[in-house]
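> Quick check, what structure comes out for this input:
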Amino acid sequence: MEQREYEIMYVAEESHWWYQGMAAIARKVIETYYAPGPHLRILDAGCGTGSGLLFLSRYGKVTGLDISPHALRLSRKRNQRDLLRASLMSLPFLGESFDLVTSFDTLYFKEVDDALALQEFVRVLIPGGRIVLRVPAFDWLRGIHDAKVATGHRYTLRELSRKMAEKGLEVQFINYVNSFLFPFVLLKRLSEKHLPPQEDSDIAIPLGYLGQVFKGILILESCLIRKCRFPFGLSIIAVGRKSSESTKESLKGL
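Here you go, the predicted structure:
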């Protein structure tokens with residue numbers, strides 16, 4: 001990802017409608033399985049500039065990991081200290097070290113082998129522990145933002161479910177999110193083909209009052225996410241549980 005994108009993210013995460021709305025959705029999904037409290041050992045794999053670490057700390061002790069030294073420097077500016085620089089595909093932890101692994105918008109990068117990263121997430125997870133994933137949806141929805149952040153791939157529900165199951169995860173929940181705003185973004189993506197090139201990615205575009213409306217729409221989705229099966233969306237959120245069988249398979253390789 002371009003260094004400038006990390007700088008934009010660091011500023012935007014405090015108030016941008018997308019980050020605030022997506023955090024609300026992630027909290028709602030996590031709290032289906034875990035109540036707030038200090039009991040969980042959590043790994044945020046691909047923590048970026050650290051905003052996710054702030055809300056994840058409501059559920060336990062959080063370790064942040066990212067490959068970008070610049071992203072980690074920005075995380076430290078948020079007073080985050082339990083940080084490590086490493087690849088998602090080679091986690092520097094012993095097996096069964098965490099109760100919960102989160103990965104918000106990291107598996108899709110060009111330099112990430114998602115199958116290998118998922119294998120590593122499962123390895124460091126305790127039996128019965130969970131992984132919470134968020135990835136962008138539909139490869140045909142690629143736009144300027146994807147180019148700025150080095151998107152390698154966008155997913156479908158079926159594809160992500162299959163990849164999780166192949167690594168021994170029981171898919172307990174999966175759904176499209178950011179569904180109500182899907183038509184607006186689809187129009188924007190189509191218009192990008194005919195308009196002059198946009199210099200910055202989507203998150204750098206100021207929306208003023210409209211941004212608050214969009215945030216409200218995502219908050220509404222957070223209330224519906226467990227009740228409704230959305231047929232499409234701009235992202236996918238999923239929860240996978242590590243089974244005892246996947247633990248046995250990992251031990252065979254030792």
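
> all strands for this protein, in order.
Secondary structure of the chain, counting by DSSP state E: strands at 40-45, 60-66, 83-85, 98-104, 125-136, 169-177, 235-242.

> Is it possible to get CSV of these that adds distance to Ile219 and mean pLDDT?
Just so you know, the C-beta spots here come from the backbone N, C-alpha and C atoms, and that holds for glycine as well. CSV is the format used below for the strands of the chain (distance: least, Cβ to Cβ, whole Å; pLDDT from 0 to 100):
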stretch, distance to Ile219, mean pLDDT
strand 40-45, 22, 98
strand 60-66, 23, 97
strand 83-85, 29, 97
strand 98-104, 17, 98
strand 125-136, 16, 97
strand 169-177, 12, 97
strand 235-242, 15, 97
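
> Mind putting those strands into CSV with mean neighbour count and distance to Pro183?
Formatted as CSV, those follow (neighbours: other Cβ atoms under 10 Å; distance: least, Cβ to Cβ, whole Å):
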stretch, mean neighbour count, distance to Pro183
strand 40-45, 23, 32
strand 60-66, 22, 33
strand 83-85, 15, 39
strand 98-104, 24, 24
strand 125-136, 21, 17
strand 169-177, 19, 13
strand 235-242, 23, 15
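
> Would you mind giving these as JSON lines with distance to Leu91 added?
Formatted as JSON lines, the strands of the chain follow (distance: least, Cβ to Cβ, whole Å):
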{"stretch": "strand 40-45", "distance to Leu91": "7"}
{"stretch": "strand 60-66", "distance to Leu91": "7"}
{"stretch": "strand 83-85", "distance to Leu91": "9"}
{"stretch": "strand 98-104", "distance to Leu91": "9"}
{"stretch": "strand 125-136", "distance to Leu91": "10"}
{"stretch": "strand 169-177", "distance to Leu91": "16"}
{"stretch": "strand 235-242", "distance to Leu91": "14"}
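
> quick one: which of these is nearest Asp114?
When the strands of the chain are compared by Cβ to Cβ, strand 125-136 sits nearest Asp114, at 8.4 Å.

> Out of the strands of the chain, flag the one nearest Glu111.
strand 60-66 (12.5 Å).

> helices and strands around the closest one, which ones?
strand 40-45, helix 51-56, helix 69-76, strand 83-85, strand 98-104 (3 or more Cβ pairs under 8 Å, 6 or more residues apart in numbering; DSSP states H and E).

> residues of the lengthiest helix in the chain that come out buried?
Looking across the chain with DSSP state H, the single longest helix is helix 209-224. Using 16 or more other Cβ atoms under 10 Å as the test for burial, helix 209-224 gives Gly211, Phe214, Lys215, Ile217, Leu218, Glu221, Ser222.

> Any chance of JSON lines for those residues, columns pLDDT and distance to Ala137?
Below are the buried residues of helix 209-224 laid out as JSON lines (pLDDT from 0 to 100; distance: Cβ to Cβ, whole Å):
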{"residue": "Gly211", "pLDDT": "83", "distance to Ala137": "21"}
{"residue": "Phe214", "pLDDT": "90", "distance to Ala137": "17"}
{"residue": "Lys215", "pLDDT": "91", "distance to Ala137": "20"}
{"residue": "Ile217", "pLDDT": "93", "distance to Ala137": "17"}
{"residue": "Leu218", "pLDDT": "94", "distance to Ala137": "15"}
{"residue": "Glu221", "pLDDT": "95", "distance to Ala137": "14"}
{"residue": "Ser222", "pLDDT": "95", "distance to Ala137": "17"}
